[in-house]
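Q: no FASTA, just this:
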């Protein structure tokens, strides 16, 4: 621990977490913990433009600063906006090469980040102080809390909040319970984390037959996946992120008895919104990436090679081997717990 505490009671802090969606949501625990201890501190958040919508209007964040994921012409303007404030503390929660340049160019009296292996690609070289985290590495959400403790704060976990979500669609509010949302997609670069779409379709068919109201959510490029699930379950509803927005989808998740998704952003939106989730994990380690909160169930098919850090796999048995019966049982147990609670 370093002393004295470099963070004034009414100071300014920049939190840097550029991506991905789940990690941005995990970083909100750091925001919540900092705000709980130092409510007068002004907190800004630097994020990639594609994830800014989930932070806009956040009650604990003064400004959301964005970097373009694509479009080099917009990058200099974003950096100029970033450099307008001299911060007391910058917290680099990304720890990647793509965050190193904005961290290096930002103006802050103290730039605090993580040492390898939590930080990669040399990103630790641009911060003033790189904290070596305990091994095995803690959950991604816990890492920011450890950085707060390095500042002399308690860094105790506080439940994160989302900006006030929009009201769920009327057709969803009026549906009788139980209600379940299935999200068959996952990010394109890690598509092998997806539970097979035909399994989602069979699960939807069984739930509808049992009288459960089912919705299928989709993100960009996932319409075909949603179509296959909807075709198997007449009466199931479509939730399109492009139509309802991230906060609109969060509102739907919040009013569900259970959300079923792979290790992907919508899973963590659901958990942050307060929904109970059945998380279908494959190659990733849930102790590092699992949903936060209580009432969740994490399922995976254990094989000798998991967890792993691959981006591609020809035969991802860790997800392919997860049977529909097991997921259905977990969903029904979650519905029962939701209704009882």
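A: That came through, no problem. These figures come from a predicted structure and were not determined experimentally. Numbering: from 1, shown residues only.
Q: For the stretch 1-150 of the chain, which segments count as helices?
A: 21-37, 75-82, 97-105, 140-150 (DSSP state H, counting those that start in this stretch).
Q: can you pull the buried residues of the longest one?
A: Using 16 or more other C-beta atoms under 10 Å as the test for burial, helix 21-37 gives 21-35, 37. The C-beta positions use only the backbone N, C-alpha and C, and glycine is treated the same way.
Q: got it, and stretch 329-341?
A: So for stretch 329-341, counting by 16+ other C-beta under 10 Å, buried means 330, 331, 332, 334, 335, 338.
Q: Identify, from those, the entry nearest to residue 222.
A: Within those, the smallest distance to residue 222 is 20.3 Å, found for residue 331 (C-beta to C-beta).
Q: which residues does the closest one contact?
A: 180, 203, 207, 258, 260, 278 (C-beta atoms under 8 Å, 6 or more residues apart in numbering).
Q: So which of those are in helices?
A: Counting by DSSP state H, these place 203, 207 in helices.
Q: possible to save the contacts of residue 331 as TSV with neighbour count and distance to residue 81?
A: Below are these laid out as TSV (neighbours: other C-beta atoms under 10 Å; distance: C-beta to C-beta, whole Å):
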residue	neighbour count	distance to residue 81
180	26	42
203	25	45
207	23	47
258	29	41
260	29	39
278	26	41
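Q: got the contact list for residue 201?
A: 228, 229, 231, 232, 233.
Q: Of those, grab the buried ones for ChimeraX.
A: Burial among the contacts of residue 201 is assessed by 16+ other C-beta under 10 Å; the matching ChimeraX selection reads:
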select :229,232,233
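Q: quick one: which of the contacts of residue 201 is nearest residue 185?
A: Looking across these and measuring by C-beta to C-beta, the closest to residue 185 is residue 229, at 10.1 Å.
Q: Please identify the helix or strand for the closest one.
A: helix 223-232 (DSSP states H and E).
Q: isn't residue 82 right up against residue 65?
A: Yes - using C-beta atoms under 8 Å, residue 82 is in contact with residue 65, at 5.7 Å.
Q: Give the residues shared as contacts by these two.
A: In contact with both residue 82 and residue 65: residue 46, using C-beta under 8 Å, 6+ apart.
Q: Now go through the buried residues of stretch 329-341 and say which are in helices.
A: Filtering the buried residues of stretch 329-341 for helices - DSSP H - leaves 330, 331, 332, 334, 335, 338.
Q: closest to residue 247 among these?
A: If you rank these by distance to residue 247 using C-beta to C-beta, residue 338 comes first, at 21.6 Å.
Q: Name the helix or strand of this structure that has the lowest mean pLDDT.
A: Lowest mean confidence among the helices and strands of the chain (mean pLDDT, DSSP states H and E): helix 170-173, at a mean of 84.
Q: Show residues contacting it.
A: For helix 170-173, the external contacting residues (C-beta under 8 Å, 6+ apart) are 167, 179, 215, 237, 239, 252, 255.
Q: domain ranges for this structure?
A: 12-150, 170-340 (automatic domain parsing).
Q: End to end on the last one, go ahead and measure it.
A: Taking C-alpha to C-alpha, to the nearest Å, the first and last residues of domain 170-340 lie 25 Å apart.
Q: what do you get for stretch 8-28?
A: End-to-end distance (C-alpha to C-alpha), stretch 8-28: 21 Å.
Q: Distance from it to the middle of the chain?
A: Remark: stretch 8-28 is offset 12 Å from the chain centroid, using C-alpha atoms, centre = their mean, to the nearest Å.
Q: quick one: average confidence on it?
A: For stretch 8-28, mean pLDDT is 95.
Q: Break down the stretch 151-300 of the chain into its helices, ranges please.
A: Remark: helices assigned in the stretch 151-300 of the chain by DSSP H, counting those that start in this stretch are 170-173, 197-209, 223-232, 241-254, 265-273, 286-289.
Q: and residue 8, which of those is closest to it?
A: The nearest among the helices of the stretch 151-300 of the chain, by C-beta to C-beta, is helix 265-273 at 29.4 Å.
Q: That closest one packs against which elements?
A: helix 21-37, strand 179-183, helix 241-254, strand 258-262, strand 277-280 (3 or more C-beta pairs under 8 Å, 6 or more residues apart in numbering; DSSP states H and E).
Q: got these as a markdown table, with distance to residue 299 columns?
A: Shown next, in a markdown table, are the helices and strands packed on helix 265-273 (distance: least, C-beta to C-beta, whole Å):
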| stretch | distance to residue 299 |
| --- | --- |
| helix 21-37 | 17 |
| strand 179-183 | 14 |
| helix 241-254 | 18 |
| strand 258-262 | 10 |
| strand 277-280 | 6 |
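Q: and residue 223, how many neighbours does it have?
A: 14 (other C-beta atoms under 10 Å).
Q: From residue 81, how far off is it?
A: From residue 223 across to residue 81, the span is 35 Å (C-beta to C-beta, to the nearest Å).
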